[in-house]
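In: curious how this folds, go ahead:
(chains A, B, C and D)
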Protein chains: 2
Amino acid sequence: MRDTLLEQLVPVFREQGYAGATLVQLAAATGLGKASLYHHFPGGKAEMAAVLLRKSVADLQKRAFAHLTRTKRAPNERLQAFIDGFSDYVAEGAGHCLVAVFAQGPAAGVHGDLINNQFVDWRNTLIAVFEELGEKRKRARRSADQLIDELYGGLLTAKLLGDPDHFTRCVKRIKKALG
Amino acid sequence: MRDTLLEQLVPVFREQGYAGATLVQLAAATGLGKASLYHHFPGGKAEMAAVLLRKSVADLQKRAFAHLTRTKRAPNERLQAFIDGFSDYVAEGAGHCLVAVFAQGPAAGVHGDLINNQFVDWRNTLIAVFEELGEKRKRARRSADQLIDELYGGLLTAKLLGDPDHFTRCVKRIKKALG
DNA sequence: ATAATAGCAGAACGAACGTTCGAGTAGGAC
DNA sequence: GTCCTACTCGAACGTTCGTTCTGCTATTAT
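Out: Next up is the predicted model:
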């Protein structure tokens, strides 16, 4: 039940940002009254955002980055699985990552460290995979950086172009380049 | 005088987003009282954002994309100049592009079309340059998309990692790859 | 000197914000 | 039947929001 509630809150924060999301909108999205939301989230808007951020990080880990450490499969297969997983994750969000949303604006001050540490970890995981593919550390770092940059850039650019398909093309392009 | 005012307003919108920026903050950034801001921007917060967005688009055009159409220089030189110009533009903003900020949140609804049309134009300009380099249309489109994705992705990822240098490395990597 | 204008801010405005309160309903435990 | 807990909501709270009103101070033109 609580998970249903959380899923209903996501689109509001994703489209409006933390500052832009109002309790009227959040309540409307759940079908509850404003006051009822406080029964489930006594901490109010800040708690909803915090819970949602943690959930988003966990989802992203599970759906995308976890594939990178499934050492039974070949490194390049793991990369492809990661990219597919990431694509699925953000597609559910119609092309947006809640973690990236909270990394901007006022919420960044509160949750910045959590996000930063998580992404540094993820980047290191990615680097390790490229090293498994035989790349030297420096080269592996560049490959990992380029991969994350392209994925999140594709997400942002799709919005800038007003073309949701842009991200799909971006994913295709990346997968092709990685062979 | 008005330009000074505008420049003082930029960091507030960039760090807080449109919804997150309050008139108290905007006034404090200029050193004026809230009421005084209305003498310069009778339309209030919405007008400030609109003027700033147009100015940002013009700046980005002038500082970065304009280099792409300086047909006296070789295509690859123009690309390098574009990347350097883009890098300079966002560096002044400490690693953020105001246009991208306004493309998210509530402001997207009002200014979305302007931003989208502008970026489609810019993308076409970029595609044309890659065609000049001898790439077929399809390939040129991929090259252009990848370039924008990496630039804006580098910007966003730098924030996610909490590492401003990430964007600098991103620019270096792109320039190297383009030879 | 006087009039006119541009710029500025203190104080107040209604509206919307996030939040709290108190009452009320439903359902299971004993 | 009586508790208790879980849950919901209308109404109101104080605060802050964006905005406007009013009058003051410079500066400039006449």
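In: residues from chain A in reach of DNA strand C?
Out: With Cβ under 7 Å from any atom of the strand as the criterion, chain A comes near DNA strand C at residues A:21-24, A:34-35, A:38, A:42-46. For every residue, glycine as well, the C-beta is placed using N, CA and C.
In: closest to B:A58 among those residues?
Out: A:A21 (30.9 Å; Cβ to Cβ).
In: could I get the phi/psi values of that closest one?
Out: phi -80, psi 120 (degrees, to the nearest 10).
In: do A:G95 as well
Out: Torsion angles, degrees, to the nearest 10, at A:G95: phi 90, psi 30.
In: what number of residues lie near it?
Out: 20 (other Cβ atoms under 10 Å in any protein chain shown).
In: what about the helices in chain A?
Out: Shown for chain A, the helices assigned by DSSP state H span residues A:2-20, A:23-30, A:34-40, A:44-63, A:75-92, A:98-102, A:107-132, A:137-161, A:165-177.
In: how much space between the residue sitting furthest away from the middle of chain A and A:A19?
Out: Centroid-distance maximum for chain A: A:A35 at 29.6 Å, with Cα atoms, centre = their mean. Distance from A:A35 to A:A19, counting by Cβ to Cβ, to the nearest Å: 22 Å.
In: now chain A against chain B: closest residue?
Out: Residue nearest to chain B within chain A: A:G153 (2.4 Å; Cβ to the nearest Cβ).
In: count of neighbours near that residue?
Out: For A:G153, the tally of surrounding residues (other Cβ under 10 Å) stands at 28.
In: tell me who's in contact with it.
Out: A:170, B:148-154, B:156-157 (Cβ atoms under 8 Å, 6 or more residues apart in numbering or on different chains).
In: which one of these sits closest to DNA strand C?
Out: Minimum distance to DNA strand C across these is 24.7 Å, recorded for B:L156 (Cβ to the nearest atom of the strand).
In: surely the closest one meets A:T157?
Out: No. Applying Cβ atoms under 8 Å, one finds B:L156 not in contact with A:T157, separated by 10.0 Å.
In: spatially central residue in chain A, please.
Out: Using Cα atoms, centre = their mean, the most central residue of chain A is A:C97, at 3.9 Å.
In: got the phi and psi for that residue?
Out: When read as degrees, to the nearest 10, the backbone of A:C97 gives phi -110, psi 120.
In: thinking again about what came up before, looking at the contacts of A:G153, spot the one nearest A:T69.
Out: Of all these, B:T157 has the smallest distance to A:T69: 20.6 Å, by Cβ to Cβ.
In: neighbours of the closest one, how many?
Out: By other Cβ under 10 Å, the residues close to B:T157 number 26.
In: now do the contacts for it.
Out: By Cβ under 8 Å, 6+ apart, the neighbours of B:T157 are A:119, A:145, A:148-149, A:152-153, B:166-167, B:170.
In: run the last query once more with 6 Å
Out: With contact set as Cβ atoms under 6 Å, 6 or more residues apart in numbering or on different chains, B:T157 has these partners: A:148-149, A:152, B:166.
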